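Peer 1: Below: sequence and its predicted model.
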Amino acid sequence: MSYRSDVAIRIYGDQTSMLEFGEVYSDTFDTLSQDIQNEILALECKSNNITSNKDVFFTSEEYGYEFLFIGESIRWGDYWLTIKSGVDFFNHMIQSAKALDLNIEYILMGEDYSDIEQYQTGPDCEYRLSVKRSIDWS
């Protein structure tokens with residue numbers, strides 16, 4: 001998909017693995033060009049607005065440490081082996097979370113009504129992300 005999509009990524013698990021994931025996130029971010037870092041920060045800022053100012057990494061009572069990214073109307077493409085954009089960065093982080101055996105919930109909702117990709121995996125996946133399409137009128 002290379003048109004605009006709505007995206008939700010939730011990653012969570014035991015505190016040790018999540019701290020390691022946070023380090024991978026930070027270390028990977030630090031290796032990127034300033035332009036890509038700025039793009040990632042802009043995507044994170046939009047996510048914060050959607051989630052009522054919740055940072056992408058936040059503390060929860062249940063897991064201690066979670067990652068949640070939600071984006072609307074983003075040009076979301078397939079995963080590339082090199083990080084060329086903010087979107088590639090988030091796809092890379094999903095792969096890193098898989099390697100750490102963390103719980104991952106991922107939804108990609110395209111412009112077409114039937115264009116929905118969902119992926120859930122992990123030892124304690126809770127299936128908290130879901131898709132609901134509705135029509136509002138007044």
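Peer 2: That came through fine.
Peer 1: who touches the closest residue in space to residue 126 that isn't next to it in sequence in this structure?
Peer 2: Of all residues not flanking residue 126 in the chain, residue 103 sits nearest, at 7.1 Å (Cβ to Cβ, 6 or more residues apart in numbering). Heads up, the C-betas are built off the backbone N, CA and C, glycines and all. Applying Cβ atoms under 8 Å, 6 or more residues apart in numbering, we find residue 103 in contact with 10, 11, 12, 13, 121, 122, 123, 124, 125, 126.
Peer 1: rerun that using 7 Å as the cut-off
Peer 2: Counting by Cβ atoms under 7 Å, 6 or more residues apart in numbering, residue 103 makes contact with 11, 12, 13, 122, 123, 124, 125.
Peer 1: What is the distance between the least confident helix or strand in the chain by mean pLDDT and the centre of its chain?
Peer 2: Lowest by mean pLDDT, DSSP states H and E among the helices and strands of the chain is strand 57-58, with a mean of 79. The gap between the average C-alpha position of strand 57-58 and the chain average comes to 12 Å, counting by Cα atoms, centre = their mean, to the nearest Å.
Peer 1: for stretch 28-47, same thing?
Peer 2: For stretch 28-47, the distance to the chain centre is 13 Å (Cα atoms, centre = their mean).
Peer 1: Would you state the strands of this structure in chain order?
Peer 2: Ranges of strands in the chain, per DSSP state E, are 4-12, 57-58, 66-75, 103-109, 116-121.
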